[in-house]
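output the structure for:
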Amino acid sequence: MGKIVFFVVLVILASFVWYFVKSKVSNAHRQVRDRAVEGNFGRALTAGPATKHLSMMGRTLTLGADPQRAGELIAHVATSDARVTDVRPEQGALVIQIDGSYPLVRAQLLPDRTVVGVEAMTWEMGFPQGAAVWDRIATAIGQAAAHQGIPVGEGSREFAKAERPAGEQEIWTVRVA
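Numbers count the residues shown, from 1 in each chain. The predicted model follows:
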């Protein structure tokens, strides 16, 4: 009985220590990040990789198939990725959510083609978030479509920073021409 009590007390003490150490590290990390961004040091270091990630986020696919067939293919491929948290139909579209909210991918199901691409994303720590996931999903969609004999075209989109209230996440959306 004494060993069990000792073990429970040890677990409780370890939990308190872990909580305070973790918050201390998180605060220190946030301060270092903020100083780097304020001094433009962080932007200089992330400029090249951020441009590559932004290019990946701008990747679009056009599938030359009827909307039902293209929608089923896209939904099947997207739901097979562990980072996709939701695939839901909307009027004339499929919406794919990665990691719960962003990036937000929309497949416009048109009568003669389907256009799939990122519509909105978050920008954190000097990078657009989810670029590697979207690139992986887009590649899988393109390969699956080609395997089924569906013509696939690639395009690109540009993004612009959306207005946001102070303290909110930085969100980028498709640039409207």
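
which residues of this structure fall in strands?
Assigned by DSSP state E, the chain shows strands spanning 59-63, 84-90, 93-98, 104-109, 114-124, 127-128, 152-156, 159-161, 171-174.

where among those strands is the average confidence lowest?
Among these, strand 127-128 has the lowest mean pLDDT, at a mean of 70.

any idea how far residue 120 is from the residue sitting nearest the centre point of the chain?
Compute the mean C-alpha point of the chain, and by CA atoms, centre = their mean the closest residue is residue 130, 2.8 Å away. To residue 120, residue 130 is 11 Å away according to CB to CB, to the nearest Å. C-beta coordinates here come from the backbone N, C-alpha and C atoms, glycine included.

low-confidence ranges in the protein?
16-50, 100-101, 126-127, 165-167, 177 (pLDDT under 70).

can you pull out the helices in it?
Applying DSSP state H to the chain gives helices spanning 2-38, 41-57, 67-79, 131-147.

same for the shortest one, what does it pack against?
The helices and strands touching helix 67-79, judged by 3 or more CB pairs under 8 Å, 6 or more residues apart in numbering; DSSP states H and E, are strand 59-63, strand 84-90, strand 93-98, strand 104-109, strand 114-124, helix 131-147.
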